[in-house]
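Colleague: What would the 3D arrangement of this be:
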Amino acid sequence: AERLRDDYDCMVFHATGTGGRAMEKLADSGLLSGMLDITTTKAAEHELRETMSRLTTLLTHMQAGVLVEDAQRRVVMANDTLCGLFRADTRPSALTGLPASAAVSQLVQSADDPAAFLRRTDDLLVRRWPAVAEPMELADGRVLEFDFQPIVDEGRDLGALWMFRDVTSRVQYEEALARA
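Modeller: Residues are numbered from 1 along each chain as shown. Coordinates of the predicted model:
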């Protein structure tokens, strides 16, 4: 682009309205050396922004704790519910950009053995198979359940989605039924 500016005057025209008519006149006069229509690119960028906004809103407001990591195992998104489930003294924004292992260390209390949890998650990451309803007992007696879903596009690893739920009430109910 810099080399073009040395030899040419680069101008931006909107293809509709007055800008479009001025561009057409310049093209007809032979004063334009080239033209690039980026309408499709701009429309795709707009659609991508809208889709990202919808997905971010969805994940942020889910009743499950959500953590999304990229292919390098860095946290790209977490929600308030996640921090609340682990009763962590951190905000989701503080987890963004951290390696997943560092985020787990901030979420999982030392009494809950974060190293054991990391070993379990490393196994899931190596296998790259989805996991559903994996139990996780916490030192305070609560039971969480988590799902793991690899994010893959055309064979490329893009990261993973982790979802956590508190299932303590259900587990206690099932145990009471078993004793009855």
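Colleague: can you give me the helices in the protein?
Modeller: Here the chain has its helices, by DSSP state H, at 2-7, 17-29, 39-60, 80-85, 92-95, 100-107, 114-127, 168-179.
Colleague: closest to residue 142 out of the ones you listed?
Modeller: Of all these, helix 168-179 sits nearest to residue 142, with 4.6 Å by CB to CB. Heads up, the C-betas are built off the backbone N, CA and C, glycines and all.
Colleague: picking up where we left off before, need the helices of the chain in a markdown table with distance to residue 153 and mean pLDDT, can you?
Modeller: Output for the helices of the chain, formatted as a markdown table (distance: least, CB to CB, whole Å; pLDDT from 0 to 100):
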| stretch | distance to residue 153 | mean pLDDT |
| --- | --- | --- |
| helix 2-7 | 34 | 66 |
| helix 17-29 | 37 | 79 |
| helix 39-60 | 14 | 84 |
| helix 80-85 | 24 | 94 |
| helix 92-95 | 24 | 95 |
| helix 100-107 | 20 | 87 |
| helix 114-127 | 17 | 81 |
| helix 168-179 | 34 | 91 |
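Colleague: Quick one: closest of the ones you listed to residue 161.
Modeller: helix 39-60 (8.6 Å).
Colleague: That closest one - contacts with which helices or strands?
Modeller: strand 65-70 (3 or more CB pairs under 8 Å, 6 or more residues apart in numbering; DSSP states H and E).
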